[in-house]
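**Student:** Just a sequence and a predicted model for now, questions to come.
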Amino acid sequence: MTMQSASRRRRAVAAAGVVLAGLLVLTACEKPTPIATVTVGTSSVNSEATCYNDGKALDTAALANCLKDTGIESITVDPDETVRFGVDPEIADNGWTILMNGQPLTDSSTKTYRTIPGSVFFNAQYGAQGNSTLVSVKEGDKTVKGLWSFKLKKAS
């Protein structure tokens, strides 16, 4: 065997090893959850799910803990502006509802985009209290498959 063919063989084995190592790293990564986005004017925030079980139903205890989560994204809302909600198609396919302080604000939808007047989120008639409101996107009609939460702060 020539020195050149042995060198080629080592390079080929090394290249195969690199490819195999890359595949192992990819399989160790968790698949990210679908994204929900809230936009007000030119500002927007998006988030992966606060609670998600790879598209399977969540139990009541998990949901209660999710609604208590404090590490959520926030956005300032002028009550005169429109709040836009957008979800990945994967969420929309299962139907989704907007919750305000844990209570349904909208009916279920399979669209990827919805708009609501900003004033609704600070109106006591809809259950608002104070200058901030917890708003969640709930995936699923009959069972909850995911929950994305945001804090809406009233602009002063």
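**Tutor:** In hand now; what should we look at? Because the structure is predicted, anything quoted here is derived from the model rather than measured.

**Student:** Which of the three states applies to the nearest residue to Asp54 once chain neighbours are set aside?
**Tutor:** Here the nearest residue to Asp54 in space, its sequence neighbours aside, is Lys31; by CB to CB, 6 or more residues apart in numbering that works out to 7.6 Å. Every residue, glycine included, has its C-beta placed from N, CA and C. Here Lys31 is recorded as coil under DSSP: H, G, I helix; E, B strand; the rest coil.

**Student:** ok, now how distant is Lys31 from Ala62?
**Tutor:** Relative to Ala62, Lys31 is positioned 19 Å away (CB to CB, to the nearest Å).

**Student:** neighbour-wise, which of these two wins?
**Tutor:** Of the pair Lys31 and Ala62, Ala62 is the one with more neighbours under other CB atoms under 10 Å, namely 14 against 6.

**Student:** Show the backbone phi and psi for that one.
**Tutor:** Dihedral angles phi and psi of Ala62 (degrees, to the nearest 10) take the values phi -60, psi -40.

**Student:** do the same with Ile91
**Tutor:** Summarising the backbone geometry of Ile91 under the convention degrees, to the nearest 10, its torsions are phi -70, psi -50.

**Student:** No further queries at this time; thank you.
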